[in-house]
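everything below, folded, please.
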Amino acid sequence: MIGHGIPLFRRPLDFLNSLPAHGDLVGIHLGPQRAWLVCHPELVHRVLMDARTFDKGGPQYERLRPLMGNGLVTSAHEEHRRQRRLLQPAFHPARIADYTRIMGEEAEALSAAWRPGQEIEVSAAMLALTTRVTSRVLFSDSLDAATVGEVRDCLADLVRGLFIRTVVPVSPLFRIPVPANRRYRRAFDRLHAIIDTVIEERRRGPARDDLLGTLLGAEAGGEPTAVTAQEIHDQLVTLLLTGVESTAMCLGSLFALLPDHPEVELRLHAEADTVLGGGRRPGADDLPRLVHTRSVVAETLRIRPPGWLFTRTTTRDTELGGVRMTEGTTVLYSPYLLHHDPASFPEPDRFLPERWLPGSDAAAPHGAMLPFAAGSRKCIGDTFALAEAALAVAAIAARWRLRPLPGPSGPPRPAATLGPRSLRMRCEPHPHAPAATEQASRTS
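All right, here's what the predicted structure looks like:
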C-alpha cells in the first residue's frame with residue numbers, strides 16, 4: 001500500500017539521487033499507484049513542453065486542489081490559458097518594477113529591526129518577509145500585522161502536511177485525528193476564512209490598484225473576462241501560497257550556504273556596499289547592478305530548488321523514453337535531480353555562483369535548470385520572485401552578516417518545498433553597515 005512513499009519521505013534526496021542509475025525513466029510506486037520518474041532533462045522538457053498530453057495531475061495536485069481550488073497552478077490545460085491571460089498583466093515587467101518599492105521597503109524594515117548579537121530564526125523571518133510582500137501585492141494593506149502572522153503560520157503548517165499526503169497518497173491515513181492532521185485541518189480552514197473575509201471587506205470598500213482589485217474588476221466586466229467569486233478566492237489562495245513559500249525557502253537556503261563560502265559572501269557584501277552605498281533602500285534601478293547577488297540567488301535555486309518534485313498525468317495514451325503510457329499515468333520530475341546531474345553541471349554539489357555570471361558558458365545546458373518549470377505552465381511569478389530575492393539579500397547584506405550558531409546542522413529536510421525549516425543565526429554587523437546599524441550597536 002505504501003510503495004516507495006516511505007523512502008521518499010524519510011530520505012527523499014538520497015532516494016532521488018539513486019534513481020538515474022536505473023535509467024532515464026524509472027518506475028516507482030506512490031502508495032498503490034504506479035508512477036514514472038523522469039531523470040533526463042530532454043525527456044523532462046518533452047513533458048513540460050507538451051502540457052496538453054502531460055497535464056497537471058497526479059497525487060501532488062490531487063492534494064493541492066482541495067487547498068487551491070481551480071486556480072492557476074492546479075487548473076487543467078483547457079482552463080489554464082484563460083486564467084493566465086487574466087493574471088499576466090499583473091506580472092508584466094512594468095508592474096514588477098512597481099512592486100520593487102514594496103520589496104525594498106519590507107526588506108529594509110526587516111533588516112533595520114535586527115540588533116548586533118541578536119539570534120534570528122532566519123526561516124521564520126524570511127517567511128514573514130515574503131508573506132508581507134505578497135499580501136501587500138495581492139491585497140494592499142487589507143491584512144493587519146496579526147493576520148499576516150496568522151497567514152504565515154497557516155502556510156507553514158500546510159506545506160509540512162502536503163508532502164506526506166503526496167508521497168503516501170492513502171487518504172484514510174489523513175482522516176485519523178492525530179495532532180499533525182488536526183494542525184493541517186485548522187490551518188486549511190483558517191487560511192480560507194481569512195481570504196473570504198478580505199474579499200468581502202473589499203467588496204464593501206473603494207477600489208484598489210492591486211491584484212484583488214484586478215480580479216474584482218474582471219468579475220464585474222462581463223464575458224469573456226468575467227470570473228466567478230469562487231475563482232477569485234482560488235486565485236488568491238494559489239498566489240499567496242506559491243508567492244510566499246518558495247521565495248522564503250530560497251532565502252533561507254542562501255543564508256545557510258553563505259557562511260561555508262566566505263569568498264562568495266565577501267563579494268556579496270562588496271557589491272551591496274557599491275550598489276547601496278550608505279545603506280540606501282534597494283529598488284528597481286539597482287537590480288541590473290546586483291550582478292553577483294543575482295548569481296548567488298540563481299546558484300541557490302540550482303543547488304536547493306524550493307520546488308523540488310512535481311507530478312503530471314497523461315491525458316491520452318502516449319510514449320515517453322521508449323515506455324508506452326496509458327491515459328491517466330502519473331509522471332514525476334525533480335528539478336533537484338536535474339540540477340545535481342554532473343553531465344549538466346560539473347561539480348554539482350559545489351556552490352559556485354560564478355556559473356551564472358555574464359559570459360559564463362555553463363548556464364543551463366540541455367535546459368537542465370528548471371527552478372520555475374518551462375513551457376506554458378512556467379511559473380507566472382518567476383521574475384517577481386527573482387527580484388524579491390535579490391533585493392532582500394542586498395538589503396540584508398548591506399547591514400549584516402548572519403553567522404551560524406555552534407553545533408551541527410544537517411541538510412534541509414524537504415517538505416512540499418525544499419529549504420531550512422528552522423535556521424537560527426546570529427546577527428553580526430557588516431563592517432560597512434549604514435549609520436543606523438552602527439548607532440543601534442552603540443545603544444544596545
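
distance from the chain centre to stretch 294-311, please.
Mean-position distance between stretch 294-311 and its chain equals 9 Å (C-alpha atoms, centre = their mean, to the nearest Å).

avg pLDDT for it?
Average pLDDT, stretch 294-311: 95.

same deal with stretch 368-385?
94.

need the residues that contact it.
The contact list for stretch 368-385 (C-beta atoms under 8 Å, 6 or more residues apart in numbering) reads 41, 44-45, 48-51, 56, 72, 80-81, 84, 87-88, 91, 93, 96, 99, 239, 242-243, 246-247, 250, 301-302, 305-307, 310, 335, 338-339, 341, 344-345, 363, 367. Using the backbone N, CA and C atoms, a C-beta is placed for each residue, glycine as well.

6 Å instead, please
For stretch 368-385, contacts defined as C-beta atoms under 6 Å, 6 or more residues apart in numbering pick out 41, 48-49, 51, 91, 96, 243, 247, 301, 305, 335, 338, 344.

which helix or strand contains the nearest residue to residue 342 once chain neighbours are set aside?
Nearest in space to residue 342, with sequence neighbours left out and distances taken as C-beta to C-beta, 6 or more residues apart in numbering, is residue 348 at 5.3 Å. Counting by DSSP states H and E, no helix or strand carries residue 348.

please report how far residue 348 lies from residue 333.
Distance, residue 348 to residue 333, by C-beta to C-beta, to the nearest Å: 17 Å.

so for the two, which sits in the more crowded spot?
Set residue 348 next to residue 333 and count neighbours by other C-beta atoms under 10 Å: residue 333 wins out with 25 against 16.

my read: that one touches residue 37, true?
No - Residue 333 is not in contact with residue 37 according to C-beta atoms under 6 Å; the separation is 7.1 Å.

what's around residue 24, how many residues?
Residue 24: 18 surrounding residues under other C-beta under 10 Å.

pretty sure it is touching residue 38, no?
No - Residue 24 lies out of contact with residue 38 (C-beta under 6 Å); the separation is 7.2 Å.

quickly list what's touching both of the two.
When C-beta under 6 Å, 6+ apart defines a contact, no residue borders residue 24 and residue 38 alike.

please pick the buried ones from the contacts of stretch 368-385.
41, 48, 51, 91, 96, 243, 247, 301, 305, 335, 338, 344 (16 or more other C-beta atoms under 10 Å).

between those residues, which is closest to residue 110?
residue 247 (13.3 Å; C-beta to C-beta).

moving C-terminal from the helix or strand harbouring the closest one, which element do we reach first?
Assigned by DSSP H and E, residue 247 belongs to helix 229-257. As assigned by DSSP H and E, the chain's next helix or strand after helix 229-257 is helix 262-275.

and the contacts of that following helix?
258, 286, 289-290, 292-293, 296, 353, 394, 397-398, 430, 432.

using CSV, list the CA coordinates for it.
Only the C-alpha atoms of helix 262-275 are listed here, as CSV (Å, rounded to 0.1, in the frame of the first residue of the first chain):
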residue,chain,number,x,y,z
PRO,A,262,33.4,33.1,2.6
GLU,A,263,34.7,34.3,-0.8
VAL,A,264,31.2,34.3,-2.1
GLU,A,265,30.0,36.2,1.0
LEU,A,266,32.7,38.8,0.7
ARG,A,267,31.8,39.5,-2.9
LEU,A,268,28.2,39.8,-1.9
HIS,A,269,28.9,42.4,0.8
ALA,A,270,31.3,44.3,-1.5
GLU,A,271,28.6,44.6,-4.1
ALA,A,272,26.0,45.7,-1.6
ASP,A,273,28.5,48.4,-0.5
THR,A,274,29.0,49.6,-4.0
VAL,A,275,25.4,49.5,-5.2
